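Visitor: Test case, fold it:
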Amino acid sequence: MLMRNSFLDVDIENLWYHLVLRIAFFIGFGACSFGLSRTPEGAIGTGQRRIMTVFAILFSVIAAGSSASYFVTQTAHPLAFDFIVWGLSGAGLCCLFFLWIETVTAVSQSSIVKCLALSVVCGCGFYLVITMLPSPFNIAMLAICPLISLGILKTLPREPEDPPAADSAPARPALSADQTVESATNLEAIPLTESKKNARLSWAFGAIYVVYGIVFGLGSGSVTQIAGDATLFVGIAALAALGALAAFAFMRRFSGRIEQSNMLRMVFPFLVIALVPMSFMSDVVYTLCNLLLLGAYVFVLLTSIAFEFQTARNRKASYLFFIGTSQTALSGGLVIGYGLGFAASATGAINLSMLSGIALGLVVLLAAFVTFAPIEPLIHDPAPVEPAPANGASAAKTGESAAEAAERQAEHEKGHWRACCAALAERYALSPRETEVFYYLAKGRGIEHIQNKLYISSHTVKTHTYNIYRKMNVGSREELLDIIEEEKRAQRGE
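Guide: Numbers count the residues shown, from 1 in each chain. Alright, predicted model coming up:
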């Protein structure tokens, strides 16, 4: 739905009409995401799930009815009617998206991005089938796809949460799919008020996704001016699938070893490569640049969802709150991006090359924003601190082996060290970026290691190091480490 040929494009001549319909779609998607992110219970209930299923089915009904009506009458619908229809369609696909997100919560952390990438690759195949089939077969396929998705969702095998032992009481009756999902999600259901408190999201989290949405909206909106043919449709499917596979490869290699802010920074070169030629080239190069933006969009979308699952679990917050918030912000940015394209198309004051230049300027601002904005409340997730055994409690008394006791103590020490560093960073008023550098300095890391980890220049590392030393009134790494040791002893009461 992000690109072209949604509802078969019904031979709409005007670019602005395409953009208005996509604005309506993402208004519906964003409004639904916002509503789900504010679910008081922190999980989808049985009644809410049924309503979402109805909305997902409604998309199929709307797609079939609207497309078939045009195919039969060859008459375009009124703009107000299409705007409402597309808004409802956005809400319907948002409901289907979150129903699947709920199911993905049951799989292991390492399998989440695999499920997401597989769904996009499968979707690309269906996209090609829909665009290549002649009417009315593609109309039928468009309406059937969400129903197939719902059918798979309903028939997925699910295990009861506590299977009885063979020699215990008689086995309980098998749970229905809805009952099983309800019990499974209730285990991780965290109320909205608690999720907001635990999540510790900064204002920069939503702002970053809004700007990303604007950039992608400007790029993908201009694709609607490119003449549709088999080559373009294959390119759209191929780049979307490539973005999904890149997200899978990235998370498989770097999950747990890289922060979300660094992932967002890694996308900047691809955005610049795509946007610079778009400002002064056309035809084939222009099309390829748009498709590269699509691949980057899919990559950011999937990796962000995977990071948010991880952070929600670590922070003891609802996945609905995290993912719903990011999807709301991203949809809002897409609405603004399409809106800028609509204003340019309707007034004729700005051409598409100028819009590409605006998008490039936003990427530059975004790079600076991600570098200096206080997004650490989302990015940094301190390791959970397990309480150390009480004084005098031996490994034998606690039932632990010597190795387990040593590992437990090491985790406790690690958590205590991070708490000391966090307290010092707050006491000496270190900026978010200085805090990042401070953690690595406290570990004894060198300048080259820090610049590679944070994707910044050695000069920037030296500047932050100088500022840290100045604020903490130290002249060397040894003095800095002494301050940390003193803080550790102070917190222990020694």
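Visitor: Please make it C-alpha for all contacts and neighbour counts, starting now.
Guide: Fine.
Visitor: Helix, strand, or coil at A106?
Guide: Under DSSP: H, G, I helix; E, B strand; the rest coil, A106 falls in the coil class.
Visitor: Give me the distance between it and V210.
Guide: Distance from A106 to V210, counting by C-alpha to C-alpha, to the nearest Å: 29 Å.
Visitor: again, but for T39
Guide: T39 is 22 Å from V210, by C-alpha to C-alpha.
Visitor: So the two - more neighbours on which side?
Guide: For T39 and V210, the more surrounded residue by other C-alpha atoms under 10 Å is V210, and the numbers stand at 24 against 19.
Visitor: Helix or strand for the more buried one, just tell me which one.
Guide: Applying DSSP states H and E as the criterion places V210 in helix 203-221.
Visitor: which other helices and strands contact the following helix or strand past that helix?
Guide: Going down the chain from helix 203-221, the next helix or strand is helix 230-254, by DSSP H and E. With contacts defined as 3 or more C-alpha pairs under 8 Å, 6 or more residues apart in numbering; DSSP states H and E, the packing partners of helix 230-254 are helix 109-132, helix 283-315.
Visitor: And those: which comes nearest F83?
Guide: helix 109-132 (22.2 Å; C-alpha to C-alpha).
Visitor: Downstream of the closest one, the next helix or strand is which one?
Guide: The helix or strand immediately downstream of helix 109-132 is helix 137-155, counting by DSSP H and E.
Visitor: List the buried residues for that following helix?
Guide: By 16 or more other C-alpha atoms under 10 Å, the buried positions in helix 137-155 come out as N138, I139, A140, M141, L142, A143, I144, C145, P146, L147, L150.
Visitor: ok, the fourth one - contacts?
Guide: Neighbouring residues of M141 by C-alpha atoms under 8 Å, 6 or more residues apart in numbering: I130.
Visitor: can you rerun that using 10 Å?
Guide: Shown in contact with M141 (C-alpha atoms under 10 Å, 6 or more residues apart in numbering): S60, A63, A64, F126, Y127, V129, I130, T131, L133, S135.
Visitor: Return a ChimeraX selection command for the buried portion of those.
Guide: Of those, the buried ones can be selected in ChimeraX as follows, counting by 16+ other C-alpha under 10 Å:
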select :60,63,64,126,127,129,130,131
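Visitor: What is the subsequent helix or strand relative to the worst-scoring helix or strand of the chain on mean pLDDT?
Guide: Taking mean pLDDT, DSSP states H and E as the measure, the helix or strand of the chain with the lowest value is helix 177-187, at a mean of 37. Using DSSP H and E, the helix or strand that follows helix 177-187 in sequence is helix 192-199.
Visitor: Just send the contacts of M141 back as JSON lines, with distance to L239 too.
Guide: Listed next are the contacts of M141 as JSON lines, based on distance: C-alpha to C-alpha, whole Å:
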{"residue": "S60", "distance to L239": "26"}
{"residue": "A63", "distance to L239": "25"}
{"residue": "A64", "distance to L239": "27"}
{"residue": "F126", "distance to L239": "14"}
{"residue": "Y127", "distance to L239": "12"}
{"residue": "V129", "distance to L239": "16"}
{"residue": "I130", "distance to L239": "17"}
{"residue": "T131", "distance to L239": "16"}
{"residue": "L133", "distance to L239": "21"}
{"residue": "S135", "distance to L239": "25"}
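Visitor: State the pair within the contacts of M141 that is farthest apart.
Guide: Farthest pair in the contacts of M141 (C-alpha to C-alpha) is S60 and L133. Separation: 17.5 Å.
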